[in-house]
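>>> 3D, please:
(one chain, ligands or ions: 1)
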Amino acid sequence: MGSRRQKAVDDGEQSLIGSPSAAGGDLPDQDASTPGFVYVLAFFSALGGFLFGYDTGVVSGAMLLLKEEMNLNALWQELLVSSTVGAAALSALSGGSLNGWLGRRVCILLASFIFGVGGVILSLAPDKVVLLVGRVTVGLGIGIASMTVPVYIAEVSPPHKRGQLVTVNSLFITGGQFIASMIDGAFSYMSHDGWRYMLGLSVVPAVLQFVGFLFLPESPRWLLLKGRSQEARLALTRIRGGRNVDEEYESIRICIEEEEKELGGGGLVILRIFNHGPTRRALIVGCGLQMFQQLAGINTVMYYSATILQMAGVRDVKRAIWLTAATSATNFVFTLLGVWLVERVGRRKLTLGSLLGTGLSLTVLAVGFLLSAQFSPPTTLHPLDAQNSTCRLYGSCEFCMLDPDCGFCYRENSSRVFDSSCVPVSQASTDHAAWGRCFNQTEETKSPMWAYNYCPTSYSWLVLMGLILYLAFFAPGMGTMPWTVNSEIYPLWARSTGNACSAGVNWIFNVLVSLTFLHVAQYLTYYGAFFMYSGLVSLGLLFVLGCLPETQGLQLEDVENLFTGPLCSCGASSSTHNHVQYTRQGSDISPANYGAVESDSAIAYITLR
Ligand SMILES: O[C@H]1[C@H](O)[C@@H](O)[C@H](O)[C@@H](O)[C@H]1O
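Model (predicted):
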């Protein structure tokens, strides 16, 4: 399939090669202005990303109120958080066939409908079982949205804007997480029923998206795949703002015909992917990227950020909810940088730079935790414990805080910690001890301090620096590129299934990393855990270095050609621009009149010439 375009030339399909709309917006003389309608489509689709971010982000703040009001034990809290992510994994995996069968538009409508229903269930839930049903419902919506939205945006965007517009979806994800934390902050003062608003407000963007999509067109590529050529042409014309779409339409149509001829159709798509070398390699790259995104520990760092900030000196536990907002704001702002960079430096360089910085900042975080552990304050008081817990046996804060049943109670002056003890944490809330001096926490400066999950340390600045650096490097590249690259590396026949698998991998590793973090920290300590993440990121760096080709500027139908060589052989050839630019040498649009320039790689695209 690598020479499909060459064949088209041979067949006299002149409009295909070198035509401005076929080659993408990177043509020097092309009218590169993007029709405004494409932005409208991207906005309404990316509301799916917003809901993904909102529903995954809002639960931490809601849980603080819920656990008091509904008397939730640790198991139920865990269930309400993880059920959504688990349901997202299942629905992302099964979303592939839905997507291929019903189309992108109907799947987005379905996802927003599910989000809406989930929001209503959550806001009206009379008990924890109904809450669980609501959380599973929104999870089903998240899974479908997470795999469909990037595909839809990629399919309707012109090539020169595709990266940026798909990355806008990631911006909406982090935007959703940020708004969720603000809403959490605002409603946290409403101790009765505040959570209903937190969880229920997602209905608003869900309804907006649903209504918007009633009027928006289906992806022309999907319509063509289904043989609905008239509708496809109409949809494409509408999306391109009424411009002449003949060349782009023909280009897509021919590619689909070629694919069908070559693959013969029929059979399970996943089996066809495994049997077709280039697509199999694309799937490995796509799933690998999603796996490394989660193994870099983003959700642990986000979750743990409030504690990190507490270590850094913000001691008021009640403010923890606002601290999380600061972290998600940082994540959001740096995702914006990714949107700006993606079409300027390309996917590959952005991902590589991001991984390098993420690995280094994880090391800074780990060193910060290591120094904090080595200079951890000792326990000086050992109060008698009626419950006979193990807490009083710990000699320093470090060991005390690694035990989830204990917390550190202490006083401090400007230079040192004193009068410190390790005591059991209250069953009802980790905000105070089960008994003793830290049982009744007040804002008074004279009352002792209570540290659960962290230790007072003078190396907190290092940890804080690591956290900020981490978000600054992770968000623009590793936070966004796995979604963007996956939306463009599969041929049309495998796109839904490919994205379903890779999104499923993302959600599965999300659950795995979040569920194991506290255990990993208990066995390896915090610094061990962060050193481990930075090791995993180094593996990710090698993977991307060897296996991720540059897809910038290529028409979707051509991206597949990047995977015709052996897996992970692209590193050597992709260090510089490896996409072809076309220069027009005459007035008439014909292959002969376009020359490919600025290509020093051996990718199959070159075979055109
Ligand atoms: O791309 C997103 C983003 O980085 C989010 O902040 C994170 O929570 C998700 O897990 C990830 O898939």
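
>>> interface residues of this protein facing the ligand?
Taking CB under 6 Å from any ligand atom as the contact definition, the chain meets the ligand at 170, 173-174, 177, 293, 298-299, 331, 479, 506, 510. To be clear about C-beta, it is placed using only N, CA and C from the backbone, and glycine gets the same treatment.

>>> Closest to Leu536 out of the residues you listed?
Gln293 (10.9 Å; CB to CB).

>>> And the helix or strand where Thr279 lies, how far out from the chain middle?
Using DSSP states H and E, Thr279 sits in helix 277-295. Chain-centre distance of helix 277-295: 14 Å, with CA atoms, centre = their mean, to the nearest Å.

>>> Counting by contacts, list what it packs against.
Secondary-structure packing of helix 277-295 (3 or more CB pairs under 8 Å, 6 or more residues apart in numbering; DSSP states H and E): helix 269-275, helix 481-488, helix 492-547.

>>> what residues are up against the residue lying closest to Thr300 once chain neighbours are set aside?
Of all residues beyond its chain neighbours, the one nearest Thr300 is Phe517 (4.6 Å), with distances taken as CB to CB, 6 or more residues apart in numbering. Taking CB atoms under 8 Å, 6 or more residues apart in numbering, we find Phe517 in contact with 297, 300, 303-304, 529.

>>> same thing with Arg105?
152, 213, 216-219.

>>> what do you get if the cut-off is 10 Å, keeping everything else the same?
45, 148, 152, 213-214, 216-219, 222-223, 235 (CB atoms under 10 Å, 6 or more residues apart in numbering).

>>> Go ahead and confirm Gly546 touches Leu567.
Yes - judged on CB atoms under 10 Å, Gly546 makes contact with Leu567 at a distance of 8.5 Å.

>>> Need the overlap of contacts for those two.
Val285.

>>> Kindly reformat the contacts of Phe517 as TSV containing neighbour count.
Shown next, in TSV, are the contacts of Phe517 (neighbours: other CB atoms under 10 Å):
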residue	neighbour count
Gly297	27
Thr300	20
Tyr303	16
Tyr304	23
Ala529	25
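
>>> For the protein, give the residue positioned nearest to the ligand.
Gly479 (3.4 Å; CB to the nearest ligand atom).

>>> Which of the three states applies to that residue?
Following DSSP: H, G, I helix; E, B strand; the rest coil, the label given to Gly479 is coil.

>>> neighbours around it, how many?
26 (other CB atoms under 10 Å).

>>> next one: Asp193
Asp193 has 12 neighbouring residues, counting by other CB under 10 Å.

>>> Kindly report the same for Lys446.
Using other CB under 10 Å, the number of residues around Lys446 comes to 6.

>>> did I read that right, it in a helix?
No - applying three-state DSSP, one finds Lys446 to be coil, outside a helix.

>>> can you offset everything so residue one is 55?
Okay, residue one is now 55; in that scheme the one you just asked about reads as Lys500.

>>> Pretty sure it sits against Asp473.
No - between Lys500 and Asp473 there is no contact under CB under 10 Å: 11.8 Å.

>>> Common neighbours of these two, please.
With CB under 10 Å, 6+ apart, Lys500 and Asp473 have common neighbours Arg465.

>>> residues contacting the residue nearest to the spatial centre of the chain?
When CA atoms, centre = their mean is applied to the chain, the residue found nearest the centroid is Gly533 (5.2 Å). Shown in contact with Gly533 (CB under 10 Å, 6+ apart): 221, 224-225, 227-228, 347, 350, 352, 385-386, 388-389, 392, 408, 412, 525, 527.

>>> ok, now with 6 Å
Contacts for Gly533 (CB atoms under 6 Å, 6 or more residues apart in numbering) come out as Thr389.

>>> From Asn353, how far off is it?
For Gly533, the distance to Asn353 (CB to CB, to the nearest Å) stands at 11 Å.

>>> same thing with Gln606?
Distance from Gln606 to Asn353, by CB to CB: 28 Å.

>>> any idea whether Gly461 is helix, strand or coil?
Using three-state DSSP, the structure places Gly461 in strand.

>>> Counting neighbours, what do you get for it?
Counted with other CB under 10 Å, Gly461 comes out at 27.

>>> got the contact list for it?
Contacts for Gly461 (CB under 6 Å, 6+ apart) come out as 479, 487, 504, 506.

>>> For the residue lying closest to it once chain neighbours are set aside, give me its contacts.
In this structure, Gly461 finds its nearest non-sequential neighbour in Tyr506, 4.1 Å apart by CB to CB, 6+ apart. By CB under 6 Å, 6+ apart, the residues touching Tyr506 are 461, 479, 484.

>>> Got the phi and psi for Tyr506?
Backbone torsions for Tyr506, taken as degrees, to the nearest 10, come to phi -110, psi 130.

>>> Also Arg189?
phi -70, psi -40.

>>> And what about His436, helix, strand or coil?
His436 ends up coil, using three-state DSSP.

>>> wait, isn't it in contact with Arg446?
Yes - using CB atoms under 6 Å, His436 is in contact with Arg446, at 5.0 Å.

>>> out of these two, which sits in the more crowded spot?
Per other CB under 10 Å, whichever of His436 and Arg446 has more neighbours is Arg446, with 18 against 14.

>>> and the gap between the more buried one and Val471?
Taking CB to CB, one finds Arg446 at 17 Å from Val471.

>>> which element follows the helix holding Thr333 toward the C-terminus?
helix 352-365.

>>> Show the secondary-structure elements that that following helix is packed against.
helix 374-399, helix 514-528, helix 546-601 (3 or more CB pairs under 6 Å, 6 or more residues apart in numbering; DSSP states H and E).

>>> and the ones you listed as CSV, adding mean pLDDT and distance to Lys121?
Shown next, in CSV, are those (pLDDT from 0 to 100; distance: least, CB to CB, whole Å):
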stretch, mean pLDDT, distance to Lys121
helix 374-399, 90, 13
helix 514-528, 91, 26
helix 546-601, 92, 17
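
>>> For the closest residue to Ser145 other than its chain neighbours, give me its contacts.
Nearest residue to Ser145 in three dimensions, chain neighbours excluded: Gly197, at 3.1 Å (CB to CB, 6+ apart). Contact analysis of Gly197 by CB under 6 Å, 6+ apart lists 142, 145-146, 149.
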